[in-house]
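Chemist: No letters, just coordinates:
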């Protein structure tokens, strides 16, 4: 390989993101249309994914490469929405065959290959994750929920983002009111039926927070028992090996929790962290530090005599 070729390959790799590049970028680097076409032949080293968008390898693209190619094709004003966006926020759902993008209503580009374009007068402010623009959780949820016809699928699509702590039911209602009313009747009726789902949202925030903390996974919704099997209190999260409990729901609020629950747990030697629900959203880093400190304290002191197999998990 000559010095010139090496320099060219270096420039190519630095320009392409996730091995995705446009023909316009290649031309700007000095590559002719005939060379591009030759490299994109069936036996060539590259592959044309979308008109004007090329994968710098001949294999099947990853989902991330498809997302990158979709944005390259639709332009910088486009935003990824639907299930791809929800998965980027940490949800676990089967990905659809096609990538769904929101584009300004003035665009006249057609749906093609694995790309579905939805023109809208309300392109949301994107959330950038690893360099890709995603619709906020509320918009992404409603964009895919409007397409659901099965009631069970619709319920899952609407409730899961709340369960994961990505948004509240109230935020979904506000987004629904602000957007197009087309196809919204079933979603609106379901949101009325679900109510606030406040406890579900708080639990979702807590689960996301624990995933970010340098801690092992806890057990959730646990009734702690003494060595004789008698219940002494309930915790929202429980690290059994170190007898550390965490309360963040209604029982985590000092103003509303019955005092005996707190006293019984601490008297039994449980290290208890109590967090007001709003702090999960407003002060997540501080809460992580408190949990990490409590866990560390639990590892340094003799474990109290708590029944090792006498815990109950709430349904």
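Modeler: Thanks, I have it. In this text the structure is predicted, and so the values were computed from the model without any measurement.

Chemist: low-scoring pLDDT stretches of this protein, where are they?
Modeler: Where the chain drops to pLDDT under 70, the residues are 1-11, 13-14, 250-260, 308-315.

Chemist: Scan it for its longest helix.
Modeler: The residue-count maximum for a helix in the chain (DSSP state H) belongs to helix 284-300.

Chemist: which other helices and strands contact it?
Modeler: helix 198-212, strand 244-247, strand 271-274, helix 277-282 (3 or more C-beta pairs under 8 Å, 6 or more residues apart in numbering; DSSP states H and E). Yep, even glycine has a C-beta here, placed from its N, CA and C like the rest.

Chemist: Give me the contacts around the helix or strand hosting residue 162.
Modeler: Per DSSP states H and E: residue 162 is located in helix 151-163. Residues outside helix 151-163 that contact it (C-beta atoms under 8 Å, 6 or more residues apart in numbering) are 86, 89, 91, 93, 137-138, 141, 144-145, 148, 167-169, 172, 186-187, 190-191, 194, 197, 200-201, 203-204.

Chemist: Narrow these to those that are buried.
Modeler: 86, 89, 91, 137-138, 141, 144-145, 148, 167-169, 172, 187, 190-191, 194, 197, 200-201, 203-204 (16 or more other C-beta atoms under 10 Å).

Chemist: contacts for the next helix or strand after the helix holding residue 162?
Modeler: Downstream of helix 151-163, the next assigned helix or strand under DSSP H and E is helix 169-178. Here helix 169-178 makes contact (C-beta under 8 Å, 6+ apart) with 122, 138-139, 141-142, 158, 161-162, 184, 187-188, 191, 194-198, 201.

Chemist: switch the cut-off to 6 Å
Modeler: Helix 169-178 is contacted by residues 138, 139, 142, 162, 184, 191, 194, 196, 197 when judged by C-beta atoms under 6 Å, 6 or more residues apart in numbering.

Chemist: Would you mind giving those as TSV with secondary structure and distance to residue 33 added?
Modeler: Below are the contacts of helix 169-178 laid out as TSV (DSSP: H, G, I helix; E, B strand; the rest coil; distance: C-beta to C-beta, whole Å):
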residue	secondary structure	distance to residue 33
138	helix	43
139	helix	38
142	helix	42
162	helix	50
184	coil	46
191	helix	52
194	helix	55
196	coil	58
197	coil	55
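
Chemist: Looking at these, which two lie furthest apart in space?
Modeler: 139 and 196 (20.2 Å; C-beta to C-beta).

Chemist: out of these two, which sits in the busier spot?
Modeler: Taking neighbours as other C-beta atoms under 10 Å, residue 139 and residue 196 compare with residue 139 leading, 27 against 12.

Chemist: Contact partners for that one?
Modeler: Counting by C-beta under 6 Å, 6+ apart, residue 139 touches 124, 175.

Chemist: since we're on the residue lying closest to residue 57 once chain neighbours are set aside, how many residues are nearby?
Modeler: Take residue 57 and drop its neighbours on the chain: the residue closest to it by C-beta to C-beta, 6 or more residues apart in numbering is residue 19, 5.9 Å away. Applying other C-beta under 10 Å, we find 20 residues neighbouring residue 19.

Chemist: wouldn't residue 19 be in contact with residue 56 here?
Modeler: Yes. Counting by C-beta atoms under 6 Å, residue 56 is a contact partner of residue 19 at 4.3 Å.

Chemist: wait, which of the contacts of helix 169-178 is closest to residue 44?
Modeler: Comparing the contacts of helix 169-178 against residue 44 with C-beta to C-beta places residue 139 closest, at 39.1 Å.

Chemist: Could you give me the buried positions within the helix holding residue 162?
Modeler: Within helix 151-163, the residues scored as buried using 16+ other C-beta under 10 Å are 154, 157, 158, 159, 160, 161, 162.

Chemist: what does stretch 166-182 give?
Modeler: For stretch 166-182, the neighbour count (16+ other C-beta under 10 Å) marks 166, 167, 168, 169, 171, 172, 173, 175, 176, 179 as buried.

Chemist: Now the nearest residue to the first one once chain neighbours are set aside, what are its backbone angles?
Modeler: Looking back up the chat, that one is residue 166. Leaving aside its chain neighbours, residue 166 sits nearest to residue 137 (3.9 Å; criterion: C-beta to C-beta, 6+ apart). Main-chain dihedrals, residue 137, degrees, to the nearest 10: phi -50, psi -40.

Chemist: Residue 164 is in contact with residue 137, correct?
Modeler: No. Taking contacts as C-beta under 6 Å, residue 137 lies outside contact range of residue 164: 8.5 Å.

Chemist: which ones are touching residue 191?
Modeler: residue 173.

Chemist: if we can go back for a sec, now the buried residues of stretch 166-182 in TSV, please, with extra columns for distance to residue 28.
Modeler: Formatted as TSV, those follow (distance: C-beta to C-beta, whole Å):
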residue	distance to residue 28
166	39
167	41
168	46
169	48
171	42
172	43
173	47
175	39
176	43
179	38
